[in-house]
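Asks: Provided below are the primary sequence and the corresponding predicted coordinates.
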Amino acid sequence: MIRLPSLPVLALLGLLLIGFAALPAFAGPYEVKFATRVLATAVFVLGLDLLIGVTGLVSFGHAAWFGLGAYAVWFVTPPDWEAANLPLALLAAVALPGVVAAVVGLFAVRTRAFYFIMVTLAASQMIFAFFHDTRVAGGSDGASIDVKPALEIAGRTVLDLSNRNALLWLAVAALALAYVFVLTLARSRFGRVLQGLKANETRMNALGFDGAKYKWASFVIAAMVAGLGGAIYASIDGFVPPEILGWRESGLAIMMVVLGGVGSLWGAILGALVYALAEEILKSSDLVGAAISDHWPIAMGVLLIAAVLGAPKGLAGWLPERRARPWSPPADAETSTAAAAPSRPPRLEVDGLRRTFGGLTAVDGVAVAFEPARIHAVIGPNGAGKTTFTNLLSGALPVSGGTIRLDGVDVTALSAPAKARRGIGRSFQRTNVLPGFTVAENCELSAQARGFAGASRAEEARAVAHALAATGLVDRADRTAASLSHGEQRQLEIAMLIASGAKLLILDEPLAGSGPEETARLTALLKDLAVDHTILIIEHDMDAVFACADTVSVLVGGRLLAHGAPDEIRRDAAVREAYLGRFAGLEDAA
C-alpha cells in the first residue's frame, strides 16, 4: 500500500517548494513564468497519478479536465474588463471538470483496459472538437482572459494574479495542498479500496466493494485535481488554447507520470519538473546545438526511453521508501474473541437454478438446500457445472432461471458486491488474493467490508487478529501474499473471508495443490469454522470430502444427480457409475 514519504523524499519536496517560492528573489520574469507553468502541470499530472498509480486506470483523455479547468476561468470572467473573483474562478475550475467527468465516468468505468483508454480518448476529442470547432469560447483562436482573477476583501485587493509573483506563490500553495490531499486520500479507507481494485478487482468485488462506484469516484476526483492545475495555467498568459484539451497533452502527462514513478504520487511532481527542464534544455541551441534543438522531440524520445530502461520504477525509485510498520494485534484481541458468542449462520436454498451460454446449459434446474452450521460438499466430474454453480450463488454470473434464497430472502438478482454485503463470501478455483499487499493488509482490507454492516474500527482490528490466528498466519502477517506458498495463500483466502465477516463461505477447490499436511490443516480449519458458518466446498479430493462434509451434492452435466449424507452418496449406484467409481479404495477408506 502507499506509505507516507520517507524523510529524504520530504526533504526533497520541501526544498523544491521553497526554491519555487523564493524564485522571484533571484530570477527574472521568464523564469517565474516557466516555474509557474511547471507547477500547474505538476498539479495536472498529480491528478493523473491518482488515476493510474492508485486506481489502475490509464486515461488518454485526462487533458480534457485540465483544459476545462482553464476554460472555466474564462467562463466566470466578466466581459466588462473586470477581474473574476478568485475563489469563484477556482471553484468553477474544479466543478466544471468534475461535472463533465461524472457523466463520462458513468460509461468509462464500465469498461476495462484498452476499452477504457478508447472511451476516455473519444470523450476528450469530443470536448476538444466542441471548443475548437464552435465559437463558444473563441473557437480555434482560443479564449482570452483580459483581466486575471483577483481576491478582494473589504474592497481591498489581497491577491491579484496579474502579478506574476503572486500567481507563482498561489501555484506553490495549490501544488502543496493538492499533494497533501491526494496522499491523504490514497492512504484513507477509500484509497485502500482503490489500491485493492488496482491489484485485483475480482477479489474486491467478491468482498463487497462495488468496483465501478469506487473507480467512478476516483475518476471524478482526478478530473477535479487536474482542473485546479488548468485554472493556474489559464492565469499565466490570460489565454486558453483549445489544443490543451487534446490527446497529445494527455500523452505527455502519462510520460511524466511514468518518468516520475507510477503510484508514488510525489514522483508525478518530479516527473513534470524533469520533463519541463529537459524540454527547455533540448530546445536551446546555445546549450545543445542547432542539430539537436531543431529536432528536440527525437532527442526527448531517446531520453525517455533511456529513463524507462534505466529506472523502471521512475525517478521515485532512486530514493528509499518508508518502511511499513509491523502489524500487531489489538490489546484486547484474545479476550474479545473468546467472549464473542458464535453468531447464527445462514441457510441457503436454491430452486430450479439454471444458467445457459447460448445453446449450452451449464447448470440445469438445480434445487437443493444447504442447512446452517454444516459443511456441504459439491462434487462431480470435470465439466459438471460446479464452478458455474458457485458463480451463480456468489453473483459473479447472472442466473438464467430459478431462485436463490438466503435465510428466506430472495437474493437471485443481486450483484456480487451486494451478495457479499449480505454475508456471502467466496474463494476461487485459482488462488485470488492481493499479491503485492502483506498478509495483514489483505485481511485489513477484507475487514473493512464489515463497515457496510456498521462495524467499528476496533471491531475490524479484532476481526483481523482473529482471522490470522484462526488460519495460523500470525507469523506471516508482515510478508507479502506473493511470497507465501500455495497452501498458505489458500489459507489467506479463507482468512480474508473470516475477516470480512462472511457467514456463508463458498470455497472452490480450497485443497487443490495442497500437500498432506496442508490438507489436514485446512480440513481441521473448515471443521472449526462450521461452528458459526455455513460452508459450501467444491472439491476433487474425495478423502477430504468424506472426512469433513456433513452433506454431499453430486452434479453431473449441470444437473443435481444426488444429495445426502456422505454414506448415502458413497452407496448410490448412479453416483458410483458417474463419478466415484473411478476412485479405487474409497469404500475401504470408509
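Replies: It's in.

Asks: can you give me the strands in the stretch 151-300 of the chain?
Replies: Using DSSP state E, counting those that start in this stretch, the strands of the stretch 151-300 of the chain run over residues 156-160, 239-240.

Asks: Break the chain down into its domains, please.
Replies: 28-245, 342-437+499-589 (automatic domain parsing).

Asks: Please identify the deepest-packed of the ones you listed.
Replies: Mean neighbour count, computed with mean count of other C-beta atoms under 10 Å, is highest for domain 28-245 among those, reaching a mean of 21. Where you see a C-beta, it was placed from the backbone N, CA and C, and this is true even at glycine.

Asks: Stretch 286-298: which residues count as buried?
Replies: 292-293, 296 (16 or more other C-beta atoms under 10 Å).

Asks: for those, which one is nearest Leu50?
Replies: Trp296 (29.8 Å; C-beta to C-beta).

Asks: Tell me which residues touch that closest one, please.
Replies: 279, 282-283, 288 (C-beta atoms under 8 Å, 6 or more residues apart in numbering).

Asks: Which of those sits closest to Arg203?
Replies: Nearest to Arg203 among the contacts of Trp296: Glu279, at 41.1 Å, using C-beta to C-beta.

Asks: For that closest one, which non-adjacent residue is spatially closest?
Replies: Among residues not flanking Glu279 along the chain, Met300 sits closest, at 6.4 Å (C-beta to C-beta, 6 or more residues apart in numbering).

Asks: From Ala268, how far out is that neighbour?
Replies: Note on Met300: its distance to Ala268, by C-beta to C-beta, to the nearest Å, is 18 Å.

Asks: Those two: who's more crowded?
Replies: Under the criterion of other C-beta atoms under 10 Å, the comparison of Met300 against Ala268 puts Ala268 first, with 34 against 19.

Asks: need the longest helix for this structure.
Replies: In the chain, with assignment by DSSP state H, the single longest helix is helix 211-237.

Asks: same for that one, what does it pack against?
Replies: Here helix 211-237 touches helix 29-49, helix 63-76, helix 86-108, helix 164-187, helix 189-199, helix 201-206, going by 3 or more C-beta pairs under 8 Å, 6 or more residues apart in numbering; DSSP states H and E.

Asks: out of these, nearest to Thr438?
Replies: Among the helices and strands packed on helix 211-237, the nearest to Thr438 by C-beta to C-beta is helix 189-199 (12.0 Å).

Asks: Partner strands of the helix or strand hosting Leu560, with direction?
Replies: Following DSSP states H and E, one finds Leu560 within strand 559-564. Using DSSP bridges, the strands paired with strand 559-564 are strand 551-556 (antiparallel).

Asks: quick one: contacts of the strand it pairs with?
Replies: Under C-beta under 8 Å, 6+ apart, the answer for strand 551-556 is 366, 368, 370-371, 374-381, 384-386, 389, 545-546, 560-566, 569, 572, 575, 578-579.

Asks: and what of stretch 510-524?
Replies: 427, 429, 472, 486-487, 490-491, 493-494, 526, 537, 539-541, 544, 547-548.

Asks: Provide a list of residues in contact with Ile221.
Replies: Applying C-beta under 8 Å, 6+ apart to Ile221 gives the contacts 47, 50, 98, 185.

Asks: State the distance from the residue lying closest to the second one once chain neighbours are set aside to Thr388.
Replies: Closest residue in space to Leu50, ignoring its immediate chain neighbours: Ala222 at 4.7 Å, by C-beta to C-beta, 6+ apart. Ala222 sits 37 Å away from Thr388, going by C-beta to C-beta.

Asks: where are the low-confidence patches of the protein?
Replies: Counting by pLDDT under 70, the ranges of the chain that qualify are 80-83, 332-342, 453, 579-590.

Asks: re the thing from before, can you pick out the most distant pair from the contacts of Ile221?
Replies: Most distant of the contacts of Ile221, by C-beta to C-beta, are Gly98 and Leu185, 14.4 Å apart.

Asks: which is the next helix or strand following the strand holding Leu560?
Replies: Counting by DSSP H and E, the element after strand 559-564 in chain order, helix or strand, is helix 566-571.

Asks: That following helix - contacts with which helices or strands?
Replies: When contacts are defined as 3+ C-beta pairs under 8 Å, 6+ apart, helix 566-571 packs onto helix 542-548, strand 551-556.

Asks: Now do the helix or strand just after that helix: which elements does it pack against?
Replies: Sequence-wise, the next helix or strand downstream of helix 566-571 (DSSP H and E) is helix 573-578. Judged by 3+ C-beta pairs under 8 Å, 6+ apart, helix 573-578 is in contact with strand 551-556, strand 559-564.

Asks: outside of helix 573-578, which residues touch it?
Replies: Contacts for helix 573-578 (C-beta under 8 Å, 6+ apart): 380-381, 554, 556, 561-562, 569.

Asks: repeat for stretch 150-169
Replies: 20-21, 23-24, 29, 32-33, 35-36, 39, 83-87, 147-149, 170, 232, 235-236.

Asks: same thing but at 7 Å, please
Replies: 20-21, 23-24, 29, 32-33, 35-36, 83, 86-87, 148-149, 170, 235-236 (C-beta atoms under 7 Å, 6 or more residues apart in numbering).

Asks: same deal with stretch 1-20?
Replies: Contacting residues not belonging to stretch 1-20 are listed as 35, 39, 54, 168, 172, 176, 186-187, 192, 195, 263, 266, 319-322, 324, 437, 441 [C-beta under 7 Å, 6+ apart].

Asks: And the helices in the stretch 401-550 of the chain, which stretches?
Replies: Using DSSP state H, counting those that start in this stretch, the helices of the stretch 401-550 of the chain run over residues 416-421, 439-447, 457-471, 486-500, 516-529, 542-548.

Asks: Could you save these as JSON lines and add columns showing distance to Leu259?
Replies: Below are these laid out as JSON lines (distance: least, C-beta to C-beta, whole Å):
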{"stretch": "helix 416-421", "distance to Leu259": "36"}
{"stretch": "helix 439-447", "distance to Leu259": "28"}
{"stretch": "helix 457-471", "distance to Leu259": "37"}
{"stretch": "helix 486-500", "distance to Leu259": "34"}
{"stretch": "helix 516-529", "distance to Leu259": "44"}
{"stretch": "helix 542-548", "distance to Leu259": "52"}
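
Asks: wait, which of the ones you listed is closest to Met118?
Replies: helix 416-421 (25.5 Å).
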